[in-house]
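1. Show me how the following folds:
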Amino acid sequence: MKLYSAPGFSSLADHIAMLEAGIQFDLVKVDLETKQIEGGGRYMDINPTGYVPALMFDDGEVLTENVAILAWIADRAPELAPQGHLGRFRLLEMLSFLATEIHKRFPTYLSLPKEAREPTGQQIVHWFDFVAGRLERGYLFGETFTVADAYLFQLAWGAAQLGFCSARAVRRIHRTDRTTAGGASRAAPRGLGMSGLMIRTGGVELATQSFGNPNQPPLLLIMGGMASMLWWPEEFCRRLAERGRFVIRYDQRDSGLSTKYPPGRPGYTFEDAVDDVFRVLDGYGIQNAHIVGFSLGGMVGQAAALKRPERVLSLTAISTSPVGVDTSHFPPSGEAWLEHMAVEADWSDRADAVAYLIEDARLTAGTAHPFDEAGTRAFLERDFDRSGGYLSATNHSVLFEIGESWRGRLDEMKVPLLVLHGTADPVFPPTHGETLARTVTDAKFVKIEGGGHELHPGDWEKIISAIDEHVTRAMCF
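-> Numbers count the residues shown, from 1 in each chain. A predicted model of the protein is given here:
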């Protein structure tokens, strides 16, 4: 089964509902301008209208239109529909209302000159206010999440992108959380939660995992070189999600469970790593997100914010270096760490690789907290086993080959930027973070006293609080 979609909000509800229902499917990206399918093929041969979404079944049958697809999903997963003898028809009633009274007005709004949009915008806000009156108990049909709520969230997200941030109803819809009256979180959605999602696109597999409620603002985590997504600790991710964020972490190519390439022959460049950021967002049907990058991940995040600023709501760069800046005159990395880096490890041998990385972690740790060798060993052994070894991860050296096209561009960055940097970082001394913050207009720099090149649990509260404050400030509502 294939769900054809495009970046944006038109097919977001169907994507969310499919994941909630636990239905297995492949997500296929469509370029709505060229009407081409990623990987080749004409989308018009799938759906002659050229619109998304479209759901293709294994027998080749195709279903189109949000109302029809969402109704089909509800039939497959009755728990996503209102109950009672009129439940199915009440669902169709609400889906049709959302489609005709709200969704259909969006194209009209966009087709009008800016000075003529206000009446249509007021109509959209009016119907959002009307629908908001049904949310007193949490969802459109009381305390039960249905596919209609996924559709309403899609429309609210779209309204926010079009500038209806002042609408009380849109804010309320976005902030509706899946919690009980006592405030304890309900079970995570089946397709997301901790079950993970493998994104297959353009011949590449990117393993991902999410935390929290997909109705909350998305926050994408990008880890550094030779590091899988597990280097964003699970508890760290959960704490971020508890702040009201939908947190996604992923394995970059040649790490974790994502696509591996022969050692010494990476089939990708730094540019591909930047594009993978948007491939992950597309895989979740997310138009734009807040991004947090650590070390090399922070460089990828900088490039993503410069390349597609409309898709990056804010950027937090941790323990990283400024992209496109000559750093040859910066203070050098720690001598002991550089000497360690000059030693070759057998990355295919578990014991040798783990021992090497334990010493690396010791040398890059800060001065504020004791080094946990036992915990580090247990983590590295688990990460090595999950990744099937670290040999392919050595290909990440290619990601530090950042082209000339990025040189001198940081002052173009308009995305809200927060820079977090340990004062005892031996890999990228603090000058790297300070320069990044100084180069980007209105960027904020926060020092982690005694922090190294690490995400030490002792610093989590400060880091998470800083990210939360930054994301909140950057949000439209």
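2. lowest-confidence helix or strand of the protein?
-> helix 168-175 (a mean of 47; mean pLDDT, DSSP states H and E).
3. If you count neighbours, what's buried in the helix or strand just after that one?
-> Moving toward the C-terminus from helix 168-175, the first helix or strand encountered (DSSP states H and E) is strand 197-201. Using 16 or more other C-beta atoms under 10 Å as the test for burial, strand 197-201 gives 197, 199, 201. The C-beta positions use only the backbone N, C-alpha and C, and glycine is treated the same way.
4. And the helices in the stretch 151-300 of the chain?
-> 168-175, 234-242, 270-283, 296-307 (DSSP state H, counting those that start in this stretch).
5. winner for burial among those helices?
-> Compared across the helices of the stretch 151-300 of the chain, helix 296-307 shows the largest average neighbour count, a mean of 26 (mean count of other C-beta atoms under 10 Å).
6. Pull up the per-residue confidence for Lys462.
-> On the pLDDT scale, Lys462 is placed at 97.
7. distance of it from Lys447?
-> The gap separating Lys462 from Lys447 is 10 Å, by C-beta to C-beta, to the nearest Å.
8. OK, contacts around Leu399?
-> Leu399 is in contact with 225, 269-270, 273, 296, 300, counting by C-beta atoms under 8 Å, 6 or more residues apart in numbering.
9. who's the most centrally placed residue in the chain bridged to?
-> For the chain, Leu220 is the residue whose C-alpha lies nearest the centre (C-alpha atoms, centre = their mean; 3.2 Å). On the basis of DSSP bridges, Leu220 is bridged to Ile248, Ile291.
10. how about the closest residue to Ala21 other than its chain neighbours, what does it touch?
-> Distance criterion C-beta to C-beta, 6 or more residues apart in numbering; nearest residue to Ala21, sequence neighbours excluded, is Ala77 at 3.6 Å. Under the criterion of C-beta under 8 Å, 6+ apart, the neighbours of Ala77 are 20-23.
11. Buried ones among those residues?
-> Taking 16+ other C-beta under 10 Å as the criterion, what is buried in the contacts of Ala77 is 20-21, 23.
12. Please spell out which residues along stretch 322-337 are buried.
-> Using 16+ other C-beta under 10 Å as the test for burial, stretch 322-337 gives 322-325, 330, 333-334, 337.
13. nearest to Ala71, of those residues?
-> Val323 (46.7 Å; C-beta to C-beta).
14. Using TSV, please lay out the contacts of Ala77 together with distance to Gly138.
-> Converted to TSV, the contacts of Ala77 look like this (distance: C-beta to C-beta, whole Å):
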residue	distance to Gly138
Glu20	15
Ala21	19
Gly22	22
Ile23	24
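15. follow-up on the earlier one: just the buried residues of stretch 322-337: which are in helices?
-> In helices, judged by DSSP state H, the following of those are found: Trp337.
16. Reformat the buried residues of stretch 322-337 as CSV; add pLDDT.
-> Below are those laid out as CSV (pLDDT from 0 to 100):
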residue, pLDDT
Pro322, 98
Val323, 98
Gly324, 96
Val325, 96
Phe330, 97
Ser333, 97
Gly334, 97
Trp337, 97
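17. Name the nearest of the buried residues of stretch 322-337 relative to Ala241.
-> Closest to Ala241 out of the buried residues of stretch 322-337 is Val323 (28.3 Å), distances taken as C-beta to C-beta.
18. Now that closest one. Its backbone dihedrals?
-> With angles defined as degrees, to the nearest 10, Val323 sits at phi -80, psi 140.
19. which residue packs closest to it, ignoring adjacent ones?
-> Gln302 (4.4 Å).
20. who touches the one you found in this structure?
-> Applying C-beta under 8 Å, 6+ apart, the residues near Gln302 are 293, 315, 317, 320, 322-323, 410, 413, 436.
21. Okay, Ala159 and Arg105: tell me how far apart.
-> 10 Å.
22. So which of these two has more stuff around it?
-> Neighbour count, other C-beta atoms under 10 Å: between Ala159 and Arg105, Ala159 has more, with 24 against 16.
23. and the more buried one, how far is that from Ala303?
-> Taking C-beta to C-beta, one finds Ala159 at 30 Å from Ala303.
24. Ser5 now?
-> Relative to Ala303, Ser5 is positioned 25 Å away (criterion: C-beta to C-beta).
25. which residues of the chain score low on pLDDT?
-> Scanning the chain with the threshold set as pLDDT under 70 gives 7-9, 136, 160-195, 476-477.
26. now the strands for it?
-> 2-5, 26-31, 36-37, 54-56, 62-64, 197-201, 204-211, 218-222, 246-250, 289-294, 312-318, 417-422, 444-448 (DSSP state E).
27. quick one, what contacts the closest residue to Pro263 other than its chain neighbours?
-> Nearest residue to Pro263, sequence neighbours excluded (C-beta to C-beta, 6+ apart): Leu391, at 5.1 Å. Going by C-beta under 8 Å, 6+ apart, Leu391 touches 263, 347-348.
28. Out of these, which is nearest to Glu359?
-> Distances from Glu359 to the contacts of Leu391, taken by C-beta to C-beta, are shortest for Trp347, at 14.3 Å.
29. Tell me, how many residues neighbour that closest one?
-> Neighbour count of Trp347, defined by other C-beta under 10 Å: 19.
30. Please apply the same query to Ser319.
-> Residues within reach of Ser319, counting by other C-beta under 10 Å, total 28.
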